[in-house]
Every structure is written in structure tokens, then in C-alpha cells.
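*Asks:* Quick one, fold the following:
(one chain, ligands or ions: 1)
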Amino acid sequence: MTATKGLEGIVATTSSISSIIDGILTYRGIDIDELAENATFEEVVFLLWFGKLPTQVELDKLQSDLNASSTIPQPVIDQMKTYPKDANSMSALRTAVSSLALYDPEAGDMSKEANVRKAIRLQAQLPAVVAAFYRIREGKEPIASKGYPSIAANFLYMMTGNEPDAIAIEALDKALVLHADHELNASTFAARVTVATLSDMYSGVTSAIGALKGPLHGGANEAVMAMLEEIGGPTQVDSYINNKLNNKEKIMGFGHRVYKNGDPRAKHLQKMSKQLGQLTGDISWYEMSIHIEELVTGQKGLKPNVDFYSASCYTSLGIPRDLFTPIFAISRASGWTAHILEQYDNNRLIRPRAEYTGLSNQHYIPMEDR
Ligand code: ACO
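*Replies:* Next comes the predicted model:
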């Protein structure tokens, strides 16, 4: 038995949800470029869960189900108020989502119908949890969704309590579309491993949030913004990046396990980063990002991934840095739950083997002889 480090190139399951073939990402066979230009996030959620684009009637029903399911149980809000004010936002989200299971009478019901209802609840409640965490931390009371037919709009409203701006809704909606699913990424694999034991959907999503948190995965978008802030301004880009590359340090937001010729999602976020920067009258984050890309691609051949330009997009939308990865989770919840439903439909325990590299022929040594 020989191990493949990081399971690189290992095909671990079949799936009909999303594909990455020859550098092209599709959801249910539809190119991400088409979806980014045309679809709303709710259409994508339906597509991922049910395998086809919704009719208007189906979309209206999904939007109304999501709105009807978005209230967080009061005990979870009360518990969130006890979190330390400086709690890591992804740790808070992971804990709150785990707690949601305690108040869902259907948490342990493994019927397909109950699992679809739980997917709706999770998709509806994750944005409410992230917004509530933000408001509680700011010393404000969480506010309920306003029932807009859009998760992006409701999320922005639940954060600020203000009528969200149409451009902000459109930008966030597109970001949610772009992050919704991505074949067997680390967090989706974590979700599938968890539920393949026939554990419940909340356990699967909680595992996935834990995996997404890491800076090699979803946590990279926060790390990108931290880097941009640390660089400080356009004139410092060259020395900062050259120094990092000379020291063989990683530049966050670059590289990908699967894409070697560029992440197809990055160009949409790059365009959005420029547009949002122009709208806010500050394109310095965008300009710094472009210069970093020139240096990193030029010197290392590495291309930006989905996390690189999302950092400047979210900053232009006025979203605090530590909510970037939770927003990624709001979007990816659609993919996680789609994969969990698919796993349950054709389940087998996921239990690989390890190549043993430890000692052999050892013996128990009595305490006094050690
Ligand atoms: N900056 C500098 N060098 C890099 C980078 C980077 N961002 N990414 C990879 N490399 C280099 C590595 O140092 C390594 O060089 P070496 O062979 O000389 O040691 C080589 O490229 C291969 O890198 P690995 O980390 O082994 O590649 P892997 O496929 O395991 O990693 C990963 C992919 C984790 C995304 C990596 O590119 C990385 O760490 N990027 C930065 C973090 C990041 O942006 N993550 C978000 C990914 S997208 C997502 O999950 C949503």
C-alpha cells in the first residue's frame, strides 16, 4: 500500500453535481461562466439540489421556503450572545450550526423529504447566523430577514438593518453563485466522509465548516485581505511580494490543486473588484491585486484562485474581513447539502487505508523500565 500525499489525483467518488474537466467548471453540466452571467444564487441552489434549473413556480416556492425557514431558534441566539466578543467568526459559525441541530426535531430523520427540508433550513439559517454573530459582536440585537426573494439581499439587510443597495445585492449574489460548489473540494469531502457514516446533515455541514476555515481552503480570502492591508499601498507591492517569493513563502489566493491554467471563477471576481472599486471611488485594492497577480504569475507561473479577487470585492462592499470566509460558507452550504443528499442516495462508508510508516516489532515496557 502506497499513500498519495494529499490524495492528489485520487478519484474518491462519483458525483453528478459539478465537474472540473479541462479547466472548465460546470454545475450540473452548465458552464460556470454562463451561470455567473445569468443565474441567481437561488436558481443555482435549486440546480445543485434537484439537478435542473427551476421553473418560475419552483423558484418562487424555493424562495418562499427559504424565507419561511430563516428564523434562528432563540436558544441559539441566546447562546451566541455568550460567545467571546473576539471569537473567531468561523469557529462561531461552526458552533452555532452544530447547535441548530439541537433545536431541529427532524435532525435525526433520515428520510429524503426530511433531509431536503433540513437542507432548506441550513441554507436559510447560515446567513442569519453570520449576520447575528456580526450584530451581537457590535452590541446590537440580531434582526430577522425581511423576506426579500434573495439570500444576498436578506443577508445584507440582516447585517445592517438598512435597505440593501441594488448593486451590492447583485455583486454578492454573483459571488454566491461562483462559490456554490466545486466538485470534491476539502470541505465537501469532509461533509461526505461525515455523513457516509449515516450521521445527520448538521454533522456533515459542521465538519465542512471546520474544513473550510483553514487558510489553504476558504480561509484564504481573509488571508488575502490581511496581506493587502499589510502591504499598505501600491508602492509597497513589489518589495513585499518579491520578499515573500524569495523566502519561498506562499502568496495567499494563488495556486490550486486542480486548476493549473487558472481558476475560471477568478476572472468574474476580478471584473467585479474593478467595478466595485470604481463605484466606491477607491480602486487601490484592485490595483494592488492586479500588480500582485502580475508579479506572482510572472515569477512563479501561479494564477489567482477564487479567493484572490473576492477579498477586494467584499471590502468594497463594506464587509469586515473576518466575515469573508463565513460568506463563502453561506454559498457553499448549497454544494455541501447537495453532496450530502447525493451521498445518502448511494451511500457506502468512506474508509480509506493508511500506509504505515511507524516502528514494528515493539514490545510493552513496564513503567519502571522506561
Ligand atoms: N504561493 C507560492 N507558492 C505556491 C503557492 C502560493 N500560493 N501555491 C503553491 N505554491 C508552490 C508550493 O510552494 C510548491 O512549491 P515547491 O514544489 O517548490 O515546494 C508548489 O507550488 C506546489 O504547492 P502545493 O502546496 O504542494 O500544491 P497543492 O496542490 O497541495 O496546493 C493550494 C494547492 C493549497 C491551493 C496551494 O496552491 C496554496 O497553498 N495556495 C495558497 C492558499 C490558497 O489560496 N488557498 C485557496 C485555494 S482555493 C479554495 O480552496 C477555495
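*Asks:* Please make it C-alpha for all contacts and neighbour counts, starting now.
*Replies:* Noted.
*Asks:* Which residue ranges of the protein form strands?
*Replies:* Using DSSP state E, the strands of the chain run over 18-21, 24-27, 30-31.
*Asks:* What strands line up against the shortest one, and which way round?
*Replies:* Looking at strand 30-31 with DSSP bridges, its paired strands and their directions are strand 24-27 (antiparallel).
*Asks:* which ones are touching Met148?
*Replies:* Quick fix: residue 148 is Tyr, not Met. By Cα atoms under 8 Å, 6 or more residues apart in numbering, the residues touching Tyr148 are Asn67, Asn154.
*Asks:* What's the separation between it and Arg121?
*Replies:* 16 Å (Cα to Cα, to the nearest Å).
*Asks:* Deepest-packed of the strands of the chain, please.
*Replies:* The highest mean neighbour count among the strands of the chain, using mean count of other Cα atoms under 10 Å, belongs to strand 24-27: a mean of 20.
*Asks:* do that strand and the ligand meet at all?
*Replies:* No. Strand 24-27 is not in contact with the ligand by Cα under 6 Å from any ligand atom; minimum separation 13.3 Å.
*Asks:* Looking at the strands of the chain, which is nearest to Met367?
*Replies:* Nearest of those to Met367, taken as Cα to Cα: strand 18-21 at 54.8 Å.
*Asks:* mind checking how far that closest one is from the chain centre?
*Replies:* How far strand 18-21 lies from its chain's middle: 17 Å, per Cα atoms, centre = their mean, to the nearest Å.
*Asks:* Same check on stretch 271-285?
*Replies:* In terms of Cα atoms, centre = their mean, the centre of stretch 271-285 is found 23 Å from the chain centre.
*Asks:* Would you mark the buried spots in it?
*Replies:* Across stretch 271-285, burial judged by 16 or more other Cα atoms under 10 Å covers Met272, Ser273, Lys274, Gln275, Leu276, Gly277, Ile283, Ser284, Trp285.
*Asks:* Would you point out the most distant pair within the residues you listed?
*Replies:* Farthest pair in these, by Cα to Cα: Met272 and Ser284, 13.9 Å.
*Asks:* Write out the residues of the protein neighbouring the ligand.
*Replies:* 215-218, 220, 249-257, 305-306.
*Asks:* repeat that with 5 Å
*Replies:* Residues of the chain found near the ligand (Cα under 5 Å from any ligand atom) are Leu216, His217, Gly218, Ala220, Lys250, Ile251, Met252, Gly253, Phe254, Gly255, His256, Arg257.
*Asks:* what's the residue of the stretch 1-150 of the chain found nearest the ligand in contact with, if anything?
*Replies:* The nearest approach of the stretch 1-150 of the chain to the ligand comes at Gly6, 6.7 Å away (Cα to the nearest ligand atom). By Cα under 8 Å, 6+ apart, no residues touch Gly6.
*Asks:* per-residue confidence for it?
*Replies:* Reported pLDDT at Gly6 in the predicted model: 97.
*Asks:* go on, the one 5 residues further on?
*Replies:* You'll see Val11 listed with a pLDDT of 97.
*Asks:* follow-up on the earlier one: now list the buried members of the residues of the chain next to the ligand.
*Replies:* Leu216, His217, Gly218, Ala220, Ile251, Met252, Gly253, Phe254, Gly255, His256.
*Asks:* residues near Pro78, how many?
*Replies:* Quick fix: residue 78 is Asp, not Pro. 10 (other Cα atoms under 10 Å).
*Asks:* all numbers from here: first residue = 4
*Replies:* Done: numbering now begins at 4, and the last item shifts to Asp81.
*Asks:* Per-residue pLDDT of it, please?
*Replies:* pLDDT, read off for Asp81, is 98.
*Asks:* Look up how far Ala90 lies from it.
*Replies:* Taking Cα to Cα, one finds Asp81 at 15 Å from Ala90.
*Asks:* quick check: domain ranges of the chain?
*Replies:* Following automatic domain parsing, one gets these domains for the chain: 19-217+325-348, 223-319.
*Asks:* Any chance of TSV for the ones you listed, columns distance to His366?
*Replies:* Putting the domains of the chain into TSV (distance: least, Cα to Cα, whole Å) gives the following:
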stretch	distance to His366
domain 19-217+325-348	34
domain 223-319	41
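*Asks:* residues in contact with Gly256?
*Replies:* Counting by Cα under 8 Å, 6+ apart, Gly256 touches Ala223, Asn224, Ala226, Val227, Pro307, Asn308, Val309, Asp310, Phe311.
*Asks:* So which of these are in helices?
*Replies:* In this view, these that belong to helices under DSSP state H are Ala223, Asn224, Ala226, Val227, Val309, Asp310, Phe311.
*Asks:* Which two among those residues are spaced furthest apart?
*Replies:* Ala226 and Val309 (12.8 Å).
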